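>>> Predicted model follows, preceded by the sequence.
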Amino acid sequence: MRLTVIGTGYVGAVHAACMADIGHEVLGVDLDPERIAALAAGRPPFFEPGLAAMLQHTVDTGRLRFTTSLDEAARFAHTHFVCVGTPQLPDSGAADLRHVEAAVDGLAVQRTGRGDEPALVVGKSTVPVGTADRLARRLRVTAGHVDIAWNPEFLREGCAVQDTLRPERIVAGVRTAHAEGRLREIYSPLTAAGAPFIVTDTATAELVKLASNSFLATKISFINAMAEICDATGADVLTLAGAMGADPRIGSRFLAPGLGFGGSCLPKDIRAFTARAEELGLGESVAFLRQVDEINTRQRRRTVDLAEQVVGGSFTDRSVAVLGAAFKPRSDDVRDSPALAVAEAVRRRGAQVRVHDPEAVDNARACHPALQFALDVNKACEQADVVLHLTEWPQYRDLDPAALATVVRTPAIVDARHTLDPDAWRSAGWTLRAPGRPRLG
């Protein structure tokens, strides 16, 4: 089947490559000619494991190509996936839907007057509940033969290719049997392999993504709140999390204490969800999400305070090494990165800060030019008074603490991600501190 993918950012590029990989003919559309040129040459504009090889292969086979023309997209296919971003509005927590509306309106204009098979516009962007219904009303006015559906993405950065090809579920929010049938056909290679296909109305499909992300954010902030209690009482948050996670009603996934969540999804999604609930007069129903957001932000401040304690109470004239810039491992995404927020806060308190990351240095330098960056862990840690472990890359877990102790000025480390072996580091002469584990100090 022929498909177009409107928007070739993170979600769009992954979706386009994966749909071509399972056999569809795909045309990716974006207004950025430089991005289109890079994708057409088989080069993704961001780091995502497995994507570069898949992109190159599908471009080489001819099943995937790219354009800047919506007119070409309208002529190419009858099914159009909208994968543009919905960032947070600068003056509120609400989602900015301008790009979604522009994509849908542009497609409607191009489809108007065409007497061929009805078109299906499929939203994958994360939007406030009710968006699809509102867009459908607009489409009936501008192009009555265009249907709309919502098919939210559930991608984890660093695992996006796997999540697309072997999804835990496919949610299809549809208004007509025609839309359901077309989406079933598109995803048939995945459902044949066992992927559950959940059919619902568009409002429920929109809510699934926002409710899921809000629940995950709540779970993360809950265990981080428990880490604060552990610091005050001498309890151990890792033991606590393990005991809680053993309860099948709770489960261990996302019950990992640490520096909190960041990136382009969870923070903005819980704020947009709260803003939409307030628009509906139901702000009290999700008021707890504001506390979830505050707890998450507080983890960054607590990590800075802990590091300051480790260096004797002041960062002035201190050298600090930061391990990690991306908001999570297996990604070069630095949007709302907790690691960079901590690094910047430490710098503002007077420290000299050097940051290392296996993939995200270029993106981090563009966003935080006042920080120093190193391409080598040893260079970042050279003569450091404290090392801050802020993104849980496997490379950091596998570091040799004895060897690194010969590089730093003071063998002291703050493990804000709880993935280092405290016994190995302490036996190598290090002072290791971790939020929620006061007995380690």
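Arrived safely.

>>> Residue 179 contacts residue 151, correct?
No: contact criterion C-beta atoms under 8 Å: residue 179 and residue 151 do not qualify, at 9.6 Å. From N, CA and C alone the C-beta is placed, and that goes for glycine too.

>>> Need the overlap of contacts for those two.
Here residue 179 and residue 151 share the contacting residues 122, 172, scored by C-beta atoms under 8 Å, 6 or more residues apart in numbering.

>>> When these two are compared, which one has more neighbours?
Using other C-beta atoms under 10 Å as the criterion, residue 179 and residue 151 rank with residue 179 on top: 24 against 21.

>>> Next, the buried residues of the strand or helix carrying the more buried one.
Applying DSSP states H and E as the criterion places residue 179 in helix 177-186. Going by neighbour count (16 or more other C-beta atoms under 10 Å), the buried part of helix 177-186 is 179, 180, 182, 183, 186.

>>> Next, count neighbours for the nearest residue to the last one once chain neighbours are set aside.
Here the nearest residue to residue 186 in space, its sequence neighbours aside, is residue 1; by C-beta to C-beta, 6 or more residues apart in numbering that works out to 6.1 Å. When neighbours are defined as other C-beta under 10 Å, residue 1 has 14 of them.

>>> Next: the one 4 residues further on.
For residue 5, the tally of surrounding residues (other C-beta under 10 Å) stands at 30.

>>> wait, is it part of a strand?
Yes: looking at residue 5 with DSSP: H, G, I helix; E, B strand; the rest coil, it is inside a strand.

>>> Please list all residues in contact with it.
The contact partners of residue 5, taken as C-beta under 8 Å, 6+ apart, are 12, 15, 16, 19, 26, 27, 28, 29, 80, 81, 83.

>>> which of those residues lies closest to residue 190?
Comparing the contacts of residue 5 against residue 190 with C-beta to C-beta places residue 19 closest, at 10.0 Å.

>>> ok, that closest one - how many residues close by?
By the criterion of other C-beta under 10 Å, residue 19 has 25 neighbours.

>>> Distance of it relative to residue 52?
Using C-beta to C-beta, to the nearest Å, residue 19 is found at 17 Å from residue 52.

>>> same deal with residue 133?
For residue 133 relative to residue 52 (C-beta to C-beta), the value is 38 Å.

>>> if you go through the chain in chain order, where are the strands?
In the chain, the strands defined using DSSP state E lie at 2-6, 25-29, 64-67, 79-82, 119-123, 146-150, 170-173, 197-200, 319-323, 352-356, 372-373, 386-389, 412-415, 431-433.

>>> hey, which helix or strand in this structure has the poorest pLDDT?
helix 131-142 (a mean of 83; mean pLDDT, DSSP states H and E).

>>> Please name every helix or strand in contact with it.
Applying 3 or more C-beta pairs under 8 Å, 6 or more residues apart in numbering; DSSP states H and E, we find helix 131-142 packed against helix 98-111, strand 119-123, strand 146-150, helix 202-233.

>>> how does it look with 7 Å?
Here helix 131-142 touches helix 98-111, strand 146-150, helix 202-233, going by 3 or more C-beta pairs under 7 Å, 6 or more residues apart in numbering; DSSP states H and E.

>>> re earlier: can you redo the strands of the chain as JSON lines, where the extra columns are mean pLDDT and distance to residue 159?
Shown next, in JSON lines, are the strands of the chain (pLDDT from 0 to 100; distance: least, C-beta to C-beta, whole Å):
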{"stretch": "strand 2-6", "mean pLDDT": "97", "distance to residue 159": "20"}
{"stretch": "strand 25-29", "mean pLDDT": "98", "distance to residue 159": "21"}
{"stretch": "strand 64-67", "mean pLDDT": "97", "distance to residue 159": "21"}
{"stretch": "strand 79-82", "mean pLDDT": "96", "distance to residue 159": "20"}
{"stretch": "strand 119-123", "mean pLDDT": "94", "distance to residue 159": "22"}
{"stretch": "strand 146-150", "mean pLDDT": "93", "distance to residue 159": "23"}
{"stretch": "strand 170-173", "mean pLDDT": "98", "distance to residue 159": "16"}
{"stretch": "strand 197-200", "mean pLDDT": "98", "distance to residue 159": "20"}
{"stretch": "strand 319-323", "mean pLDDT": "98", "distance to residue 159": "21"}
{"stretch": "strand 352-356", "mean pLDDT": "98", "distance to residue 159": "23"}
{"stretch": "strand 372-373", "mean pLDDT": "98", "distance to residue 159": "26"}
{"stretch": "strand 386-389", "mean pLDDT": "98", "distance to residue 159": "22"}
{"stretch": "strand 412-415", "mean pLDDT": "98", "distance to residue 159": "23"}
{"stretch": "strand 431-433", "mean pLDDT": "97", "distance to residue 159": "29"}
